[in-house]
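Asker: sharing a sequence plus its predicted fold:
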2 protein chains.
Amino acid sequence: MNIGQAAAASQVSPKMIRHYEDIGLVQRPKRTPSNYRTYSDNDVHVLRFVRAARDLGFSLKQIGELLSLWRDRRRPSRKVKALVAQHIGELERRIAEMQAMKAALEHLSHHCHGDERPECPILDGLARP
Amino acid sequence: MNIGQAAAASQVSPKMIRHYEDIGLVQRPKRTPSNYRTYSDNDVHVLRFVRAARDLGFSLKQIGELLSLWRDRRRPSRKVKALVAQHIGELERRIAEMQAMKAALEHLSHHCHGDERPECPILDGLARP
DNA sequence: CTTGACCTTCCCATCATGGGAAGCTTGAAG
DNA sequence: CTTCAAGCTTCCCATGATGGGAAGGTCAAG
């Protein structure tokens, strides 16, 4: 498989596949005599794994750890679960942060008439010490 | 006021103050004969506004728009409210995205024993086509 | 054998922030 | 007055994940 086909099969763009290779996240694939990268079904399987983990919001660093656990047949599932728990915690933190922003914005917005007049409690709120 | 004092007063780091100046978000301050930037109370007021808007998750581009509305005494408050509504929408989108990730992760995690054994439904879930 | 689609590498951009170097200025203490 | 630290200046580089685009090589179908 060429990189374009591997990309289509894994839903990871050629650009990103090359990038993941550069940073050592995925193995360097074999090359044809004309220097084209060739991907096996297993390579695509790895790329799909990466893609799935990205879709769940893991960082590439975390995905590296997930990949080595995935490859390690003697891993304790405890380690995987811990990694996931940490990521869930991070998501919760960010969700809470954004919900607080949203609530503050709704509060400000609630008091703003939103008409043609210039009076605006939103701007006043932002300008307030 | 020197940049350090303006930074302390506005809670915006000197690095960021210079950066905001570079990208034209805030006016270039006057300089002393020895080329030090000097900030007025009003400059600090602007920086505090920027900081408050950043804390609410606005992008620097949006903050630029907020600043010009703030400066425009004839603004219709409608425009401010629309900007805020758009940002709230964006926050909601991102919150929902992360909540979906969190739910998916919790689902996977729920089925994982998290002990010393290698069997791991989390990894299986990520590897599944 | 040409043509278009694909591949290669390389550089640059995004967004907000920070680190750090090299060199100049200021203010306080000796 | 000199000296020394702290603070200022500009400039370059890094982050993290992704993409755009150029210049040039390769492959397959017509």
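Answerer: That came in fine, so what should we check first?
Asker: may I see the buried residues of the helix or strand harbouring A:I17?
Answerer: Per DSSP states H and E, A:I17 falls inside helix A:14-22. Across helix A:14-22, burial judged by 16 or more other Cβ atoms under 10 Å in any protein chain shown covers A:16-17, A:20. All C-beta spots, glycine's among them, are computed from the backbone N, C-alpha and C.
Asker: who are the packing partners of the longest helix along chain A?
Answerer: If you go by DSSP state H, chain A has its longest helix at helix A:77-110. Here helix A:77-110 touches helix A:60-71, helix A:121-127, helix B:77-110, helix B:121-127, going by 3 or more Cβ pairs under 8 Å, 6 or more residues apart in numbering or on different chains; DSSP states H and E.
Asker: the third one and DNA strand D, are they touching?
Answerer: No - interface with DNA strand D: helix B:77-110 contributes nothing (Cβ under 7 Å from any atom of the strand), its closest point being 13.0 Å away.
Asker: okay, the angle between that helix and helix B:60-71?
Answerer: 150 degrees (axes from the mean of the first three to the mean of the last three Cα atoms, to 10 degrees).
Asker: now helix B:77-110: mean pLDDT?
Answerer: Taken as a whole, helix B:77-110 has a mean pLDDT of 97.
Asker: with the second one instead?
Answerer: Across helix A:121-127, the average pLDDT comes to 96.
Asker: nearest residue to A:I95 other than its sequence neighbours?
Answerer: Leaving aside its chain neighbours, A:I95 sits nearest to B:M98 (5.1 Å; criterion: Cβ to Cβ, 6 or more residues apart in numbering or on different chains).
Asker: separation between the one you found and DNA strand D?
Answerer: B:M98 sits at a distance of 14 Å from DNA strand D (criterion: Cβ to the nearest atom of the strand, to the nearest Å).
Asker: list the contacts for that residue?
Answerer: Contact analysis of B:M98 by Cβ atoms under 8 Å, 6 or more residues apart in numbering or on different chains lists A:57, A:91, A:94-95, A:98.
Asker: look up phi and psi at the residue of chain A positioned farthest from its centre.
Answerer: Taking Cα atoms, centre = their mean as the measure, the residue most remote from the mean C-alpha position of chain A is A:R117, 42.7 Å away. Backbone torsions of A:R117, given as degrees, to the nearest 10, read phi -80, psi 160.
Asker: shouldn't it be in contact with B:R75?
Answerer: No - with contact defined as Cβ atoms under 8 Å, A:R117 does not reach B:R75; the gap is 9.1 Å.
Asker: helix or strand: which one has A:V50?
Answerer: Assigned by DSSP H and E, A:V50 falls within helix A:41-55.
Asker: sorry, back to before: can you give the contact residues for the helix holding A:I17?
Answerer: A:3-4, A:6-7, A:10, A:12, A:26-29, A:37, A:47, A:50, A:60.
Asker: what about that helix, near DNA strand C?
Answerer: Yes - Helix A:14-22 lies within reach of DNA strand C by Cβ under 7 Å from any atom of the strand, at A:14, A:18.
Asker: quick check: angle from that helix to helix A:60-71?
Answerer: Going by the same axes, to 10 degrees, helix A:14-22 makes 70 degrees with helix A:60-71.
Asker: just the mean pLDDT for the next helix or strand after helix A:14-22, thanks.
Answerer: Going down the chain from helix A:14-22, the next helix or strand is strand A:30-31, by DSSP H and E. Strand A:30-31 shows a mean pLDDT of 96.
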